[in-house]
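Participant: Any chance you can model this:
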Amino acid sequence: MDEDENRVVKLMSKDGKDFEITAKAAQLSVLVKDTLEESEKTEVEIMRVDSKCLEKVVEFLKHYAEEEMREIGTPLRGSTFIEIMDQKWYQEFVSDDSISREMLFELLTAANYMGIKPLLDLACLKITFQLTGKSADEIRGILNLPEMTEEEERRAREEHKWIFEDN
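Facilitator: All right, here's what the predicted structure looks like:
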């Protein structure tokens, strides 16, 4: 594959839409890289990602091929998303104005499935700062978690007191 990084490959979403991308850009995905290395295929089915999300993933991969995202190290090098992610394009890619919260979670899931560590790290960082400073009820709403029964809440309050403490 290294010999022909400029060849075009097709990524196919679970709902049948194709996206063309260079092999060089696509190989940031472990799933795509492994599939291309195992065969002479130029098409890769991405069975768990719909076209709307895969379009965003391809946008990320193409940009990353032009401007690599700096690694998000731990411990974090700042106390805000902007301090840690100081590359403007990547800030805007996951900004509240650019994508919905639902799409952000879909990108996180797609990045995990496709093995795209930089996109996974970026989505996790953004979500981390969306959850920072929120109450347990607010976090439950953001993460779309079901309400706990009285018994579940009692047990949670006993086992994880720090979650329910007010700062």
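Participant: Could you list the residues in contact with stretch 9-24?
Facilitator: With contacts defined as C-beta atoms under 8 Å, 6 or more residues apart in numbering, stretch 9-24 is touched by 1, 4-8, 26, 32, 36, 42-51, 53-55, 58, 61-62, 65. In short, each C-beta sits where N, CA and C put it, glycine included.
Participant: packing partners for the helix or strand hosting residue 89?
Facilitator: Using DSSP states H and E, residue 89 maps to helix 88-93. Where contact means 3 or more C-beta pairs under 8 Å, 6 or more residues apart in numbering; DSSP states H and E, helix 88-93 is packed against helix 51-66.
Participant: residues touching the residue sitting nearest the centre point of the chain, list them.
Facilitator: Residue closest to the average C-alpha location in the chain (C-alpha atoms, centre = their mean): residue 108, at 2.7 Å. Residue 108 makes contacts with 120, 123-124, 127, as judged by C-beta under 8 Å, 6+ apart.
Participant: tell me the pLDDT at residue 162?
Facilitator: What the model reports as pLDDT for residue 162 is 80.
Participant: make that residue 2, sorry
Facilitator: Reported pLDDT for residue 2: 51.
Participant: Over to residue 143?
Facilitator: 85.
Participant: and what of residue 139?
Facilitator: Residue 139 is given a pLDDT of 87.
Participant: Also residue 134?
Facilitator: 88.
Participant: To which secondary structure element is it assigned?
Facilitator: Using DSSP H and E, residue 134 falls outside every helix and strand.
Participant: Sort out for me which of the contacts of residue 108 are in helices.
Facilitator: Counting by DSSP state H, the contacts of residue 108 place 120, 123-124, 127 in helices.
Participant: Any stretches of this protein with poor pLDDT?
Facilitator: Along the chain, the model assigns pLDDT under 70 to residues 1-4, 166-167.
Participant: so who does residue 71 touch?
Facilitator: 118, 121.
Participant: thinking again about what came up before, pick the one among the ones in helices among the contacts of residue 108 closest to residue 151.
Facilitator: residue 127 (28.8 Å; C-beta to C-beta).
Participant: which residues sit in contact with the closest one?
Facilitator: Residues in contact with residue 127 (C-beta under 8 Å, 6+ apart) are 104-105, 108.
Participant: Now with 7 Å, please.
Facilitator: 104, 108 (C-beta atoms under 7 Å, 6 or more residues apart in numbering).
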